[in-house]
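Undergrad: Need coordinates for the below:
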Amino acid sequence: MKAILKTKTCIFVLIALNIISVEQVRPQDVSQPLQHDVSVTLKLLQVYVTDKQGKAVKDLGKEDFEIWGDGKIQKITEFEAHALTLGVRGAETEAPGLPSAPAVNRKYFFFFDFAFNEAAGILASKKAALDFLDTRIRPGDEIGILSYDVYKGLVLNEYLTMDYSKIRDVIQGIGAKKYLGRAADIESDYLKSLGEVTSALDKEDRGLERAMKNLKDQEKRIYESQSADFTNAIVAFSKAVRYISGNKSIILFSSGIAKYVMYGSEKFISEKFLRPYTTGEYGNANLRSAYIDMCKSLAASNCSIYSINTSTSGSKRFIERDLAGDASLKQLAQETGGKYFDNIKGYEKINEEIQNITGSYYVLGYPITEKWDGEHHTIKVKVKRKGCEVHGQTGYFNQKPFTEYSEDEKVLHLIDLALSEKPHLQEAVDFPVNVMPYAEGEKTDLAVLAEIPVGKLAKVGGGIIEFVTIVFNDKNDIALLQRKELSRWPASSMQAFAKSLISLLPGRYECRVVLRNMTTGQGARGSSQITIPEKFKAGIRSPVYPLLLKARKEVIFLGEEEGQKETPLTDLYPFDIKKYIPVIGKLSRMDAKIRAVVPVSVEEGWKGDLVFSAFLINPAPEEKEELPILGLNHEKTQSGGHVFSLDIEIGSLGSGDYSMLIYVDVPEPGVRLTAHAAFSFE
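TA: Predicted coordinates:
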């Protein structure tokens with residue numbers, strides 16, 4: 001999936017399209033500041049405990065732990081121990097008046113660094129990631145994929161999911177050449193020049209200085225700039241994921257930032273001379289400081305980095321130490337409570353060790369006062385047993401009002417709503433969605449129609465509402481992303497609909513719609529699937545889905561108010577808005593009769609009258625029953641198409657899911673077209 005939002009520091013991408021810009025949300029005037037009640041809630045910590053040999057300690061109890069929050073000892077009210085071999089040990093009794101602790105599962109991000117890497121390292125990274133996926137992932141684990149290159153910046157290729165086949169497809173689709181950026185090119189060119197100069201070291205004492213000059217000042221500045229961009233992008237990501245509960249284990253595949261840029265140069269030792277470097281001897285102090293801040297930001301967001309050095313270049317010559325990135329990778333792992341691994345060639349053992357650390361963990365909970373001020377609080381978890389080391393978050397941030405979110409945070413919030421099986425950042429209400437084709441050409445024009453349960457979405461309503469449509473193809477890539485704003489929200493007594501108009505090529509698609517309040521961040525989502533067929537060769541074709549209508553009650557079509565430019569639904573599917581409203585998903589026992597609107601596109605060669613018939617399909621037991629057609633109306637549209645409206649009696653049905661088939665028989669040239677609709681009966 002791919003959706004791009006460019007910011008000053010990074011780019012988040014959902015994998016598939018090359019360029020789809022999400023419109024920046026304009027500031028809204030809020031007459032009254034949003035009030036968030038101060039409440040008592042549970043703070044859950046996910047910690048790993050190892051012994052001096054780095055092996056997981058699995059037999060600790062609640063009494064073995066201490067939690068210090070903001071320098072004060074806290075009362076542990078929740079405790080769980082998780083281990084692959086032992087399973088889950090029962091939670092302790094919660095404190096009176098506190099909510100139960102939700103499940104905290106393992107979360108992994110595979111992070112492919114294409115900027116500070118080489119082709120062989122990227123290929124090895126793919127093998128290592130696939131091995132971890134095949135041998136170390138357990139049911140319930142969630143996986144996401146990140147990548148970074150100097151052109152696109154930070155890319156969120158796949159959000160946290162338990163669809164492991166999707167993760168496999170993304171990893172296998174990663175190619176080495178197209179992702180390598182100028183940072184890697186500079187390093188590669190320098191290695192070549194280094195090889196040429198080292199042969200002259202026996203002839204001249206100043207050979208080393210000439211070698212350093214081969215890396216031009218301009219190229220060094222570019223490399224430093226790219227290193228700073230990488231650091232800034234990771235900081236932005238860490239801030240965006242800070243509110244996702246539990247530990248985020250990030251498995252980083254990288255060769256690291258060159259040592260001479262970060263920390264300065266080492267002394268070169270030769271048989272003939274001993275002298276220090278004079279160029280870049282002390283490294284870039286600003287970059288070092290920014291790198292430390294990045295590590296702290298990751299740790300505060302509960303992200304542990306397991307950095308795997310992907311460098312496959314020979315490091316036997318001491319002169320190449322200045323290009324090695326192991327020091328930066330070690331620091332990143334140490335500062336975030338993860339671990340550094342020196343050689344990706346042993347990825348099977350590396351994966352086993354990461355599994356041993358993350359496969360056994362403890363969940364500790366204690367009550368906190370929840371304030372919506374975005375403030376940072378320190379945490380320190382101690383284990384009383386000697387020889388144990390705790391790995392876990394060192395702090396957390398209070399929630400903050402949605403209007404104070406950064407662009408990156410708002411994008412991740414949208415991704416979480418749209419893609420998660422169960423959103424991490426809020427509880428989202430689902431609403432029904434239908435997708436109906438209304439015109440065919442090279443592409444099929446469709447209306448994505450959402451029925452908005454105003455009563456259920458009281459928290460979403462008010463102010464400006466974002467209406468985002470995301471379309472996935474059969475490969476789970478994003479084929480389209482479209483956004484608009486709804487400036488009106490109906491009263492709770494009304495029934496409401498909203499739509500987006502899109503165009504798609506033939507194929508199978510899933511359409512997801514997200515409603516989000518741009519003041520509060522509260523959201524809801526819905527989804528529907530559709531198959532768009534190839535054009536019929538017989539000179540007549542009909543969309544595979546009709547629009548079903550039922551008797552009207554008070555209703556509003558958001559975005560179609562007077563003065564709006566949006567095309568009304570009745571221009572696409574002609575019907576009397578005073579008598580009917582769309583059926584999206586459910587019918588009640590009051591709906592014994594419905595109307596089906598079937599657009600038909602006609603080309604040369606059509607003769608005779610069309611013959612319509614309707615059938616009800618009851619899946620349990622599977623039965624096909626013909627339904628009476630009480631009336632048939634025909635209208636011709638301005639574009640030359642034809643719309644037929646059928647009044648169909650469905651009678652009284654039992655509760656359950658049903659399908660309706662509408663056949664359109666054409667005497668000449670003897671073609672039968674089929675329109676299909678699905679609904680449920682309450």
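
Undergrad: Please put the alpha-carbon coordinates of stretch 511-527 into PDB.
TA: Below are the C-alpha coordinates for stretch 511-527, written out as PDB (Å, rounded to 0.1, in the frame of the first residue of the first chain):
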ATOM      1  CA  CYS A 511     -12.900   0.000  -0.800                       C
ATOM      2  CA  ARG A 512     -12.400   1.400   2.700                       C
ATOM      3  CA  VAL A 513     -13.900   4.600   4.000                       C
ATOM      4  CA  VAL A 514     -12.700   6.500   7.100                       C
ATOM      5  CA  LEU A 515     -14.700   9.300   8.800                       C
ATOM      6  CA  ARG A 516     -12.500  11.400  11.200                       C
ATOM      7  CA  ASN A 517     -13.300  14.500  13.200                       C
ATOM      8  CA  MET A 518     -10.500  17.000  12.500                       C
ATOM      9  CA  THR A 519     -10.900  18.600  15.900                       C
ATOM     10  CA  THR A 520     -11.100  15.600  18.200                       C
ATOM     11  CA  GLY A 521      -9.500  12.800  16.100                       C
ATOM     12  CA  GLN A 522     -12.400  10.500  16.800                       C
ATOM     13  CA  GLY A 523     -13.000   8.200  13.800                       C
ATOM     14  CA  ALA A 524     -15.100   5.400  12.300                       C
ATOM     15  CA  ARG A 525     -14.600   3.200   9.200                       C
ATOM     16  CA  GLY A 526     -16.400   0.900   6.800                       C
ATOM     17  CA  SER A 527     -15.500  -1.300   3.900                       C
END
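
Undergrad: so what's Arg552 up against?
TA: 577-581 (C-beta atoms under 8 Å, 6 or more residues apart in numbering). Heads up, the C-betas are built off the backbone N, CA and C, glycines and all.

Undergrad: from memory Val170 sits against Glu158, does it?
TA: Yes - when contacts are counted by C-beta atoms under 8 Å, Val170 is listed as touching Glu158 (5.2 Å).

Undergrad: More neighbours: those two, which one.
TA: Glu158 (24 against 21; other C-beta atoms under 10 Å).

Undergrad: Can I take it that the more buried one is in a strand?
TA: Yes - under DSSP: H, G, I helix; E, B strand; the rest coil, Glu158 falls within a strand.

Undergrad: re the thing from before, among the contacts of Arg552, pick out the one closest to Val40, please.
TA: Ile581 (44.0 Å; C-beta to C-beta).

Undergrad: That closest one contacts Leu548, doesn't it?
TA: No - the pair Ile581 / Leu548 is not scored as a contact, 10.1 Å apart, by C-beta under 8 Å.

Undergrad: Of the two, which one has the most company?
TA: Using other C-beta under 10 Å as the criterion, Ile581 and Leu548 rank with Leu548 on top: 23 against 18.

Undergrad: give me the number of residues near the closest residue to that one other than its chain neighbours?
TA: Spatial nearest neighbour of Leu548, chain neighbours left out: Val583 (3.9 Å); criterion: C-beta to C-beta, 6 or more residues apart in numbering. By other C-beta under 10 Å, the residues close to Val583 number 20.

Undergrad: Pull up the gap between Val583 and Met436, please.
TA: 11 Å (C-beta to C-beta, to the nearest Å).

Undergrad: What of Ala300?
TA: Applying C-beta to C-beta to Ala300 and Met436 gives a distance of 47 Å.

Undergrad: Count the residues that sit near the residue lying closest to Ser487 once chain neighbours are set aside.
TA: Using C-beta to C-beta, 6+ apart and skipping the chain neighbours, the partner closest in space to Ser487 is Ile464 (6.2 Å). The number of residues packed near Ile464 is 17, by other C-beta under 10 Å.

Undergrad: low-confidence ranges in the stretch 401-550 of the chain?
TA: By pLDDT under 70, the weakly predicted segments of the stretch 401-550 of the chain are 535-544.
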